[in-house]
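Enquirer: I would like to see how this sequence folds:
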Amino acid sequence: MRKRAAVLCGAAVVVAGTVTALPADASTARPTTTVQTAKLSWKSCATTDYPTLQCSSVKVPLDHANPHGKQISLALSRVPHTAKTYQGPLLVNPGGPGGSGLTLAGFVASSLPKAVASQYDVVGFDPRGVGRSTPALDCEPGYFNPVRPDSVPSTPALEKANLTRVKAYAAACGKKYASVLPYINTISAVRDMDSIRAALGAKKINYFGYSYGTYLGAVYAKLYPERVRRLVLDSIVDPTGVWYDDNLGQDYAFNDRQQALMAWIAKYNATYKLGTDPAKIEAKWYAMRKALAKKPAGGKVGASELEDTFIPGGYYNGYWPYLAEAFAAYVNDKNADPLVETYENFAAIDASGDNGYSVYTSVQCRDASWPRDWNQWRKDNWAAYDKAPFMVWNNAWYNAPCAFWPTKSEQPINIANGKLPPVLLFQATNDAATPYEGGATVHQMLAGSSFVVEQGGGNHGITLSGNACLDKYLATYLTDGKVPRSGREVDAVCQKTPDPQPLTTAKAATSTAHGSTLHGLLGFRG
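Expert: Numbering: from 1, shown residues only. Okay, here's the model as predicted:
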């Protein structure tokens, strides 16, 4: 298994949320002055997997309302078109906020049918604050180093320890990036996208976004509808709940996915020997959690780190065999080594993860209002915990710096839009990170959009991930702009891909170890 940062991305979405107050006319947020953008200079940054990948950068204003003021740099990548038919740039984004899109350009270009990809310049970018863009944020290196306090604040001392951590994190961001934080938000990133469009010399862009990237794309389409040619949104954020309500709603969906994992383990009792009753297997998982809270495995995996390790299973079921093996080894053999290894592969945070989380908090805390009274957080999260305990408090502390964030919050953008060409939406019915209701809501808000559903699917990020039915709709749309139409709430349905099987052969182990390249690029929390 390749090691990856577990918090590169972090979209969180609501099951059922209230509509937040919205600006009457989002277009008023557009910059009044246009700065001439220098022509881009591309150089090869080829890799073994993506031999035609090129890289560049573009300067943009830190504050788009002051276009001649301080400039920052955005890192870009592209796979250039090769066909005689050229359909313009296709900007791609993996979500987050905080996800790097540089490698995603190579992945998308190589995963689409060659006849389709060759008609586009597939362009990736690191949004402001991310990765190779400068400045790149890192509020507090090592913030997620193990072992953290138990996430469930079952005693006043545990609640105090967790509150101390998140308050210190918010203060560190404010001290280190006081002049930058007011401009790390979705609207600024959208304006950056339009600067990229201008630098590419394109009158319109095509856009393909996953997870938080769906919100980014929808906001771009709201501010610049006349500059959108084609728009693909996969695993869709509910824009009516950004971001506090979204996170609470996400907790219920992840609990369901954790229980789906327990049911899968029960199905393969011959392999894992944890029993045939999912409820009893789940009880063994919570017993494991209790034991790790007292004695962390390998000095690294306590209760909070165990949650970190299993949360990726809610994003992508290809990780289930590894999680099940580590779980079984700990319970049946008293062997914690596989659990430690799985934590290191799925959940340990490196410098890239620190950077991603810094941008995640900076954007989400700035984008929308959060309760500033901790009593509200305590009340809402205990209520959710009573019904869906798996990751409620882990998720709460992940977002809790927003209760103490040093910048003022903005109002979310109302993404409702009737000025766009046909838009293609993809959503799995059992997605945990961006629950189904988000896709249904955006389908209603984007007039003329087409809604393609993966029935029974629970993975997050579903196109270019092995489902030929979904990918056919994507390829058709990018080829000629055609979308399915049914006249009903859902325009097309694809059946989910099969769940994984236990790792019983070296070949299967190798296959699942690599998992889905896409899910590695999307990261977790997003």
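Enquirer: Let me know the average pLDDT across stretch 131-140.
Expert: Mean pLDDT, stretch 131-140: 98.
Enquirer: please renumber so the chain begins at 15
Expert: With 15 as the first residue, the last one maps to stretch 145-154.
Enquirer: What lies in contact with it?
Expert: For stretch 145-154, contacts defined as C-beta atoms under 8 Å, 6 or more residues apart in numbering pick out 71, 86-89, 114, 116, 139-141, 143-144, 182-183, 186-187, 190-191, 194, 198, 365-366, 368-369, 372-373, 375-376. Bear in mind the C-beta positions are built from the backbone N, C-alpha and C, glycine included.
Enquirer: got the buried residues for that stretch?
Expert: 145-147, 150-154 (16 or more other C-beta atoms under 10 Å).
Enquirer: Could you list the low-pLDDT ranges of this protein?
Expert: Across the chain, the ranges flagged by pLDDT under 70 are 15-52, 519-529, 539-540.
Enquirer: redo that, cut-off 80
Expert: Across the chain, residues meeting the criterion (pLDDT under 80) sit at 15-52, 518-530, 537-540.
Enquirer: where do the helices sit along the stretch 315-464 of the chain?
Expert: Along the stretch 315-464 of the chain, the stretches classed as helices by DSSP state H, counting those that start in this stretch are 317-324, 326-329, 334-347, 351-360, 365-381, 388-401, 406-413, 450-459.
Enquirer: To L67, which of the ones you listed lies closest?
Expert: For these, proximity to L67 was assessed by C-beta to C-beta; helix 365-381 is nearest, at 18.3 Å.
Enquirer: Going by neighbour count, which residues in the closest one are buried?
Expert: In helix 365-381, the ones that count as buried by 16+ other C-beta under 10 Å are 366-381.
Enquirer: Taking helix 406-413 as reference, get the angle to that helix.
Expert: Per axes from the mean of the first three to the mean of the last three C-alpha atoms, to 10 degrees, the angle that helix 365-381 makes with helix 406-413 is 80 degrees.
Enquirer: C-alpha coordinates for helix 365-381, CSV please?
Expert: Extracted as CSV, the C-alpha positions of helix 365-381 are listed here (Å, rounded to 0.1, in the frame of the first residue of the first chain):
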residue,chain,number,x,y,z
ALA,A,365,3.6,17.5,5.6
SER,A,366,1.3,17.4,2.6
GLY,A,367,-1.6,16.4,5.0
ASP,A,368,-0.7,19.3,7.3
ASN,A,369,-0.9,21.7,4.4
GLY,A,370,-4.2,20.2,3.2
TYR,A,371,-5.8,20.5,6.6
SER,A,372,-4.5,24.1,7.0
VAL,A,373,-6.3,25.1,3.8
TYR,A,374,-9.4,23.0,4.7
THR,A,375,-9.9,24.8,7.9
SER,A,376,-9.0,28.2,6.4
VAL,A,377,-11.6,27.9,3.6
GLN,A,378,-14.4,26.3,5.6
CYS,A,379,-14.1,28.6,8.6
ARG,A,380,-14.1,31.6,6.3
ASP,A,381,-16.8,30.4,3.8
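Enquirer: What is it packed up against?
Expert: Here helix 365-381 touches helix 170-190, helix 200-213, going by 3 or more C-beta pairs under 8 Å, 6 or more residues apart in numbering; DSSP states H and E.
Enquirer: same thing but at 7 Å, please
Expert: Using 3 or more C-beta pairs under 7 Å, 6 or more residues apart in numbering; DSSP states H and E as the contact criterion, the elements in contact with helix 365-381 are helix 170-190.
Enquirer: buried sites along the helix it packs on?
Expert: Buried residues in helix 170-190, counted by 16+ other C-beta under 10 Å: 172-173, 176-177, 179-180, 183-188.
Enquirer: same for the longest helix seen in the chain, what does it pack against?
Expert: Longest helix in the chain, counting residues (DSSP state H): helix 258-281. Counting by 3+ C-beta pairs under 7 Å, 6+ apart, the packing neighbours recorded for helix 258-281 are helix 292-308, helix 326-329, helix 334-347, helix 388-401, helix 406-413.
Enquirer: mind putting those helices in CSV, mean neighbour count and distance to L247 included?
Expert: Below are these laid out as CSV (neighbours: other C-beta atoms under 10 Å; distance: least, C-beta to C-beta, whole Å):
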stretch, mean neighbour count, distance to L247
helix 292-308, 16, 33
helix 326-329, 26, 17
helix 334-347, 21, 26
helix 388-401, 15, 27
helix 406-413, 24, 23
